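Engineer: no sequence on this one, just coordinates:
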């Protein structure tokens, strides 16, 4: 049983799941038609349910600041993304809708929100990026507005957040750390890695999972440090600098065992370009 908190439009309501004490948005044809605030109803088998994260700001306050049209188009984007990626946490709905509303507003005004990590986001989260491209097409079809490539990258982060335990700021931090790490490798090794190269992509992937292990305080079972230090001294030195920098930025030291593995990947990237 639900109780209506706010009718969004004929096709959507903000409601309280009275059994679970959970605020939700229900979207579907006619789900909001004729409903009134405070009314109790049994739901609709065809309605899509989006549970909302409990925050200091109430769900009603959050929803009041967003035109329902953006909530509906965001729900369609999430649904399309699930068709590509599988189940996505629906609690990303409001934050993503709020971002899309701002992105559309910026596009209409001819101003953009630069995303310096767009290239790395596309590479790090390639499947989520494909889903975000479908989202851009839905926005164009439903709202008649073309959003920028940088905005697509931000939507990519929202979708990734729905698949993982990371929020948007954590995913953005990951992209920044990976980008900084690759730049350090290029400077330290005196080389340039083309963004589409095998070496770049492999190094980027290794940095991504190394950072994830560091955040979770996980350690590898094998230490290749002595081998890497002896055979690839320059790559090992660069790897040590990168790991120290990442640990400082995360406020969590990178495991010593990671240095040797990173050095091997750096040496491999240097040979692949």
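Structural biologist: That came through, no problem. These numbers come from a predicted model, not from an experiment.
Engineer: residues contacting the closest residue to residue 149 other than its chain neighbours?
Structural biologist: In this structure, residue 149 finds its nearest non-sequential neighbour in residue 118, 6.2 Å apart by CB to CB, 6 or more residues apart in numbering. For the C-beta atoms, the positions are set from N, CA and C on the backbone; glycine is no exception. By CB atoms under 8 Å, 6 or more residues apart in numbering, the contact set of residue 118 is 149, 150, 152, 153.
Engineer: Please list the members of the residues you listed that lie in helices.
Structural biologist: Counting by DSSP state H, the part of these found in helices is 149, 150, 152, 153.
Engineer: Next one: residue 257 relative to residue 84, how far apart?
Structural biologist: Taking CB to CB, to the nearest Å as the measure, residue 257 and residue 84 are separated by 35 Å.
Engineer: Give me the domain ranges for the protein.
Structural biologist: According to automatic domain parsing, the chain is divided into the following domains: 1-52, 66-164, 169-272.
Engineer: Residues touching whichever strand or helix holds residue 142, excluding its own?
Structural biologist: Using DSSP states H and E, residue 142 sits in helix 126-143. The contact list for helix 126-143 (CB under 8 Å, 6+ apart) reads 69, 72-73, 76-77, 80-81, 84-85, 100, 104, 121-122, 145-147, 151-153, 155-157, 159-160, 163.
Engineer: try stretch 63-74
Structural biologist: Residues from elsewhere that reach stretch 63-74 (CB under 8 Å, 6+ apart): 6, 8-9, 11-12, 14, 25, 27, 93-94, 96-98, 100-101, 104, 138-139, 142-143.
Engineer: Please apply the same query to stretch 194-212.
Structural biologist: Applying CB under 8 Å, 6+ apart, the external contacts of stretch 194-212 come out as 119-120, 123-124, 174, 177-178, 181-182, 185, 193, 242-243, 246, 250, 254, 258, 261-262, 265-266, 268-273.
Engineer: What distance do you get for the nearest residue to residue 223 once chain neighbours are set aside to residue 89?
Structural biologist: In space, and not counting its chain neighbours, residue 223 is closest to residue 257: 4.6 Å by CB to CB, 6+ apart. Distance of residue 257 to residue 89, computed by CB to CB: 32 Å.
Engineer: How about residue 141?
Structural biologist: 25 Å.
Engineer: and if you look at residue 198?
Structural biologist: Residue 198 sits 33 Å away from residue 89, going by CB to CB.
Engineer: Same question for residue 24.
Structural biologist: For residue 24 relative to residue 89 (CB to CB), the value is 13 Å.
Engineer: Show the model's pLDDT score for the residue nearest to residue 149.
Structural biologist: With respect to pLDDT, residue 118 has a value of 92.
Engineer: Below-threshold pLDDT in the stretch 51-200 of the chain: ranges please.
Structural biologist: 53-58 (pLDDT under 70).
Engineer: Try it again at 50.
Structural biologist: Under the criterion pLDDT under 50, the flagged ranges of the stretch 51-200 of the chain are 56.
Engineer: about what we covered before: the more surrounded of residue 24 and residue 89?
Structural biologist: residue 24 (23 against 15; other CB atoms under 10 Å).
Engineer: ok now do the more buried one, which residues does it touch?
Structural biologist: Going by CB under 8 Å, 6+ apart, residue 24 touches 2, 14, 15, 16, 17, 49, 50, 51, 52.
Engineer: can you do 7 Å?
Structural biologist: Contact analysis of residue 24 by CB atoms under 7 Å, 6 or more residues apart in numbering lists 15, 17, 49, 50, 51, 52.
Engineer: Regarding it, what is its secondary structure?
Structural biologist: strand (DSSP: H, G, I helix; E, B strand; the rest coil).
Engineer: list the buried ones in stretch 122-139?
Structural biologist: Across stretch 122-139, burial judged by 16 or more other CB atoms under 10 Å covers 122-125, 128-132, 134-136, 138-139.
Engineer: Dump the residues you listed into CSV; add distance to residue 229 as well.
Structural biologist: Shown next, in CSV, are those (distance: CB to CB, whole Å):
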residue, distance to residue 229
122, 34
123, 29
124, 29
125, 33
128, 37
129, 37
130, 40
131, 42
132, 41
134, 47
135, 46
136, 47
138, 52
139, 51
